[in-house]
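# structural data only, the sequence is not supplied:
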């Protein structure tokens, strides 16, 4: 089959969960003998290689802007892949759904990975939130198939639109430490810090973690990695912390670094509230982290009984931090259980097989 993947920043993956999924899926499908074309944002890939480990790449233009960049890149991507005559097109992000009318009218088969509930993100204004909710409806109206990466997302689409979806989660690798010397570049020592790795956004609740940690009596550090709009009021508030134990290290893109930071952390705090199956959470599980997660359906679904959950309360999170800090053996066991759960329920091989079956049905 010929399969086009559209709506991500591109591969090789450098930026987030969509990109990681696109790379793992594309490479897996190529290994199974399919041709795969991935659209990439040209300003992020100045080298513009034509192939990446057998995956074909194209670099359509886009218009600068927080919203126009994504929307315009998807539009030009569709114009680029249609002449390629793919058997199936996978579009990431429900926001792109109205544009999928074009390939559908031309007879192409389209699946949309709708991601999470984007309209719940606090960074969007009323108009943007209204558009995202409308885009969910368009996804149901236009797509041949809708992919939900979490059962809670599938339930949401059934309740709101009475639309059945195909459940395909993200995957994760089982990761062991390989180069502990990397920690010295960040001034860290193994098991002497708690870790957070997610974009600095209000709905990811790094501020809650900071508030709880400041009240926690420990010599360990709190290390927060993640990209951000550094001029946003939320990020400026985070940067105002005077606690020397709290370090914001920004985005970590160097090869192998984020994995080492995960593997040597004492515990991982996951405060993400919206979205479905979160790739950062799966990575933490695959690295064997003991995880303290915000108590929302998506995180409950992924972690099950392999982590600890806290409410949207600094006091509750502080209590959970005190527990893991005073129970090192239990903390280690929870990390091992999380890794085992990933090895059973979130294997990339199974994800690729599920998408291959979906594309075969579409084609």
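Received, thanks. Bear in mind the structure is a predicted one, so any value in this text is a computation, not a measurement.

# residue 251 versus the nearest residue to residue 200 once chain neighbours are set aside, what's the distance?
Counting by C-beta to C-beta, 6 or more residues apart in numbering, residue 200 lies nearest to residue 228, which is 3.5 Å off, once chain neighbours are set aside. Every residue, glycine included, has its C-beta placed from N, CA and C. Distance, residue 228 to residue 251, by C-beta to C-beta, to the nearest Å: 8 Å.

# between those two, point out the one with more neighbours.
When neighbours are counted by other C-beta atoms under 10 Å, residue 228 and residue 251 differ, and residue 228 comes out ahead with 19 against 15.

# can you name the residues that contact the more buried one?
For residue 228, the contacting residues are 199, 200, 201, 235, 250, by C-beta atoms under 8 Å, 6 or more residues apart in numbering.

# for residue 129, same thing?
Contacts of residue 129 by C-beta under 8 Å, 6+ apart are residue 119.

# name the element it belongs to?
Counting by DSSP states H and E, the element that carries residue 129 is helix 126-142.

# could you list the buried residues of that helix?
Buried residues in helix 126-142, counting neighbours by 16 or more other C-beta atoms under 10 Å, are found at 128, 129, 131, 132, 135, 136, 138, 139, 140, 142.

# of those residues, closest to residue 287?
residue 132 (31.6 Å; C-beta to C-beta).

# how about the nearest residue to that closest one, chain neighbours excluded?
Residue 132 sits nearest to residue 119 (C-beta to C-beta, 6+ apart), 3.9 Å away.

# for the stretch 151-300 of the chain, what spans make up the strands?
Listed in chain order, the strands of the stretch 151-300 of the chain (DSSP state E, counting those that start in this stretch) span residues 166-167, 193-197, 221-225, 246-250, 267-270, 291-294.

# the fourth one packs against which elements?
In other words, strand 246-250. When contacts are defined as 3 or more C-beta pairs under 8 Å, 6 or more residues apart in numbering; DSSP states H and E, strand 246-250 sits against helix 206-214, strand 221-225.

# so what's residue 29 up against?
Neighbours of residue 29 in contact, by C-beta under 8 Å, 6+ apart: 3, 36, 352, 355, 356.

# would you mind measuring from the third one to residue 166?
Residue 352 is 14 Å from residue 166, where distance means C-beta to C-beta.

# higher neighbour count, the two?
Using other C-beta under 10 Å, the more surrounded residue of residue 352 and residue 166 is residue 352, with 20 against 16.

# what's the helix or strand for that one?
Going by DSSP H and E, residue 352 is in helix 348-362.

# give the buried residues for that helix.
Here helix 348-362 shows 348, 351, 352, 354, 355, 356, 358, 359, 362 as buried, counting by 16+ other C-beta under 10 Å.

# bridged to residue 269, which residues?
Going by DSSP bridges, residue 269 is paired in beta bridges with residue 292.

# now for it, how many residues are close by?
When neighbours are counted by other C-beta under 10 Å, residue 269 comes out with 29.

# can you pull the pLDDT of it?
Predicted confidence (pLDDT) for residue 269: 98.

# quick one: it and residue 195 touch, right?
Yes: contact criterion C-beta atoms under 8 Å: residue 269 and residue 195 qualify, at 7.3 Å.

# so where is the stretch 201-350 of the chain shaky, pLDDT-wise?
Scanning the stretch 201-350 of the chain for pLDDT under 70 picks out nothing.

# turn the buried residues of helix 348-362 into JSON lines, columns for distance to residue 65.
As requested, the buried residues of helix 348-362 are exported to JSON lines (distance: C-beta to C-beta, whole Å):
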{"residue": "348", "distance to residue 65": "33"}
{"residue": "351", "distance to residue 65": "32"}
{"residue": "352", "distance to residue 65": "34"}
{"residue": "354", "distance to residue 65": "34"}
{"residue": "355", "distance to residue 65": "31"}
{"residue": "356", "distance to residue 65": "35"}
{"residue": "358", "distance to residue 65": "32"}
{"residue": "359", "distance to residue 65": "32"}
{"residue": "362", "distance to residue 65": "32"}
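
# max pairwise distance over these: which two?
Once C-beta to C-beta is applied, the buried residues of helix 348-362 give 348 and 362 as the farthest pair, at 20.8 Å.

# coming back round to it: tell me which of the helices and strands packed on strand 246-250 sits most buried.
Highest mean neighbour count among the helices and strands packed on strand 246-250 (mean count of other C-beta atoms under 10 Å): strand 221-225, with a mean of 23.
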